[in-house]
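**Student:** how would this look folded up:
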Amino acid sequence: MAWNSASFESILTMIAAVLFAVAGVVNLARPSAVKRDFARWGYPAWFQLLCGALELLSAALLLGQQTRVLGLTLAGAIMIGALFTLVRNREPFGHIAPALIFSALIVVTAAVRG
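**Tutor:** Next up is the predicted model:
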């Protein structure tokens, strides 16, 4: 199979959609460790649910050809907020690294899309 930018974009988009769906489910499930993180960062309890819902929405938007740009935009906004929160709270690099990887995935996917 010959690789082209459309197939590469599809693979990157699928990976991003799965990662955002998993993150959304985790936030909506509210495991105690994540709940403690949101509280430590000064966010109200409902904010974790909002983040989870927005992550699931971005995953769904990424899957549609007509809604992919909106999904990438929402995912990018989510990651800007996440990185801001992590840096502002001086989280160790081990906590920041996954957010950087998610962010890079979104940027590369958008760049491949053109």
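
**Student:** how many neighbours does Ser7 have?
**Tutor:** Neighbourhood size, Ser7 [other C-beta atoms under 10 Å]: 11. To be clear about C-beta, it is placed using only N, CA and C from the backbone, and glycine gets the same treatment.

**Student:** ok, now Arg88?
**Tutor:** Residues near Arg88, counting by other C-beta under 10 Å: 10.

**Student:** give me the pLDDT for it.
**Tutor:** In this model, Arg88 is scored at 97, pLDDT.

**Student:** how about the longest helix seen in the chain: buried residues?
**Tutor:** Identified as the longest helix of the chain according to DSSP state H is helix 5-29. Within helix 5-29, the residues that count as buried by 16 or more other C-beta atoms under 10 Å are 9, 12-13, 16-17, 19-21, 23-24, 26-27.

**Student:** how about a markdown table for the residues you listed, with pLDDT and distance to Lys35 added?
**Tutor:** Formatted as a markdown table, the buried residues of helix 5-29 follow (pLDDT from 0 to 100; distance: C-beta to C-beta, whole Å):
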| residue | pLDDT | distance to Lys35 |
| --- | --- | --- |
| Glu9 | 90 | 35 |
| Leu12 | 95 | 31 |
| Thr13 | 96 | 30 |
| Ala16 | 97 | 25 |
| Ala17 | 98 | 25 |
| Leu19 | 97 | 21 |
| Phe20 | 97 | 20 |
| Ala21 | 98 | 20 |
| Ala23 | 97 | 15 |
| Gly24 | 98 | 15 |
| Val26 | 97 | 11 |
| Asn27 | 97 | 9 |
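
**Student:** which one among those residues gets closest to Leu62?
**Tutor:** Ala17 (4.2 Å; C-beta to C-beta).

**Student:** that closest one reaches Ala59, doesn't it?
**Tutor:** Yes: shown here, Ala17 and Ala59 form a contact pair, counting by C-beta atoms under 8 Å, at 4.5 Å.

**Student:** now do the shared contacts for these two.
**Tutor:** Applying C-beta atoms under 8 Å, 6 or more residues apart in numbering, one finds that Ala17 and Ala59 are jointly contacted by Gly71.
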